[in-house]
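**Q** Give me the fold of what follows.
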Amino acid sequence: MKVKDMGDYITECPICTEVLVEREPRRLSCNPSHVFCSECLENIAISLRLQSGDEFPCPICKTISKWPKLGVDGFPEVHFEDETDDCGKSNKSNLLSMKEDNFAENFYNDIMKEIEKTKLKRSQELGKLKNEIDNLKQIIDKKEACLRDKLETFFDEKENKLQEILEESEFLKNIPALSGSRVSLILKENFDVMKEDLLHEKEMTAKKDAYLKTVKNLDSLEIGSIIILPSDKPSNERSIRLNGQIALLRYCNDGIFVINSGPGPTCYNIETKSSLSFHRDRSIIDFCIGRDGYIYFLMENLKHSKKLYMIDTCFNQEKFEIDFKETPILSDPSFLSSKDHIYFTRYSNLMIYEKRSKRLLSMDLKLPISNVKAKDELVFVLFKNGTIKELDIGKGKTNFIDVKLDDGKISVRNDIISPLLKGNLLLCDEQRVYIVFVKEKKAISYRHRKILKHGKIFGYRISKDEFYFITNEYELNNCIVCKYFDI
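**A** Here you go, the predicted structure:
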């Protein structure tokens, strides 16, 4: 929608009073002039815990509207026309986020700025290279002086020693020929000893040597390396269409697993294209992939009786039903007796299957749950109001962690991928992504559309040289899109 010559025209969001043109404005159906910034609409959804189809009042006229399936993106966009004056006020027409007739000029200016930035960066990096080479030359000059000094000293000493031996042997030229007399025999013995001493000293001195041990492979000389920073855009995408709508999705190193909605649910392993179907009179409450490489399905029949099944991630074996004992609702995790757990969620309940004791325990956390992730003995629970609680199974403690909302400009690689590669966790709900820094006990939250414009993130996987997000396009609820990034 383009806003033009409105009688009830407003340039600011009625809630936060920020300039609308800068905050992705959206319009409610009750009145064309009831326009709000996207962030305020999202905050309304969080505070009222709105889901698709839920009703809520317009902040201005209190007319009831329904929350769209696509969230804030489901409300009509508003594009402002005309410009403000120098004071930032509208001249009864509206602001333009980017006028169509100015696109060429703006685009040209943007490209010229990028060229100038590229030239400056080139100069800076080449300057750094020159400095490194100059530093290396200084190091080489110092090393050369040191090696030269050692060689000069050695050969000076050797040459002087040989000169001494030469001088000592000069008197031998003046010794007369010896006869067979007793005196001559004594002199001959002394002469032979002197010759042996001179020969020994000459051999010992001549054997001493020095040489320069050169670098065998000059290619191994480390001056530095050139690192090309990849783009925040994915290098590749892969789309996978499913039979039916996506109800639940889980992932691990062995694959991506999706449960379709409706009676007679089916679990698909997207990587192996294998599937596992269940009886039509049973519904899946939740499913979880254990550390042991098995998938655990918590199911319910028409009589609301719970069943627990396990199967390998490749669906090669028959599913196996597990006998378990369901216990009363727990107040805190200190009642857990072992460390090997499988986690399920339903509404506000966190259900925990203890493999060793074969008990299914429940904790009512009092708030609707969106997502759960476990790391070692820590369990992080994301609630639909955007708060995150940490359950320390080992210490039997629970506490909420600090969550910071960041709706500014982000780098997908630096702000999202890099923390995940370092072992931190990813939690998601319908509107936002949460990066949980496990050691720091804090989380940073970003909007889905700030990371990926046209879809929401379910999770991610890491291979040797690739990282990819598992996403779902807003308008296609039967399609998984994997977005790949080189690492």
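**Q** Look up which residues are beta-bridged to Ile457.
**A** Beta-bridge pairing of Ile457 under DSSP bridges involves Thr471.
**Q** Give the burial count for it, as a bare number.
**A** When counting by other Cβ atoms under 10 Å, one arrives at 19 neighbours for Ile457. For glycine as for every other residue, the C-beta is placed from the backbone atoms N, C-alpha and C.
**Q** what's the closest non-adjacent residue to Pro419?
**A** Closest residue to Pro419 apart from its sequence neighbours, by Cβ to Cβ, 6 or more residues apart in numbering: Ile435 at 5.1 Å.
**Q** What lies in contact with whatever helix or strand the one you found lives in?
**A** For Ile435, the host element (DSSP states H and E) is strand 432-437. Residues from elsewhere that reach strand 432-437 (Cβ atoms under 8 Å, 6 or more residues apart in numbering): 373, 380, 382, 386, 388, 401, 403, 405, 415-416, 419-420, 424-428, 442-448, 451, 457.
**Q** Identify the neighbouring strands of the very next helix or strand once past that strand in the sheet and state each direction.
**A** Using DSSP H and E, the helix or strand that follows strand 432-437 in sequence is strand 442-447. The strands beside strand 442-447 in its sheet (DSSP bridges) come out as strand 397-405 (parallel), strand 432-437 (antiparallel).
**Q** by contact count, what packs against the helix of greatest length in the chain?
**A** Of all segments of type helix in the chain, defined using DSSP state H, the longest is helix 103-168. Judged by 3 or more Cβ pairs under 8 Å, 6 or more residues apart in numbering; DSSP states H and E, helix 103-168 is in contact with helix 182-207.
**Q** sorry, back to before: just the buried residues of the contacts of strand 432-437.
**A** Among these, those classed as buried by neighbour count (16 or more other Cβ atoms under 10 Å) are 373, 380, 382, 386, 388, 401, 403, 405, 415-416, 419-420, 424-428, 443-448, 451, 457.
**Q** ok, now how distant is the nearest residue to Cys252 once chain neighbours are set aside from Leu425?
**A** What sits nearest to Cys252 in space, not counting adjacent residues and going by Cβ to Cβ, 6+ apart, is Ile289, at 4.5 Å. Distance, Ile289 to Leu425, using Cβ to Cβ, to the nearest Å: 15 Å.
**Q** What of Met351?
**A** For Met351, the distance to Leu425 (Cβ to Cβ) stands at 20 Å.
**Q** Any idea how many residues pack against Ser348?
**A** Residues near Ser348, counting by other Cβ under 10 Å, number 16.
**Q** what's the domain layout of this protein?
**A** As given by automatic domain parsing, the domain ranges for the chain are 2-97, 107-220, 237-446.
**Q** thinking again about what came up before, between the longest helix of the chain and helix 182-207, what angle do the directions make?
**A** Going by axes from the mean of the first three to the mean of the last three Cα atoms, to 10 degrees, helix 103-168 is angled at 180 degrees with respect to helix 182-207.
**Q** how many other residues sit next to the residue nearest to Cys252?
**A** Neighbours of Ile289 under the rule other Cβ under 10 Å: 18.
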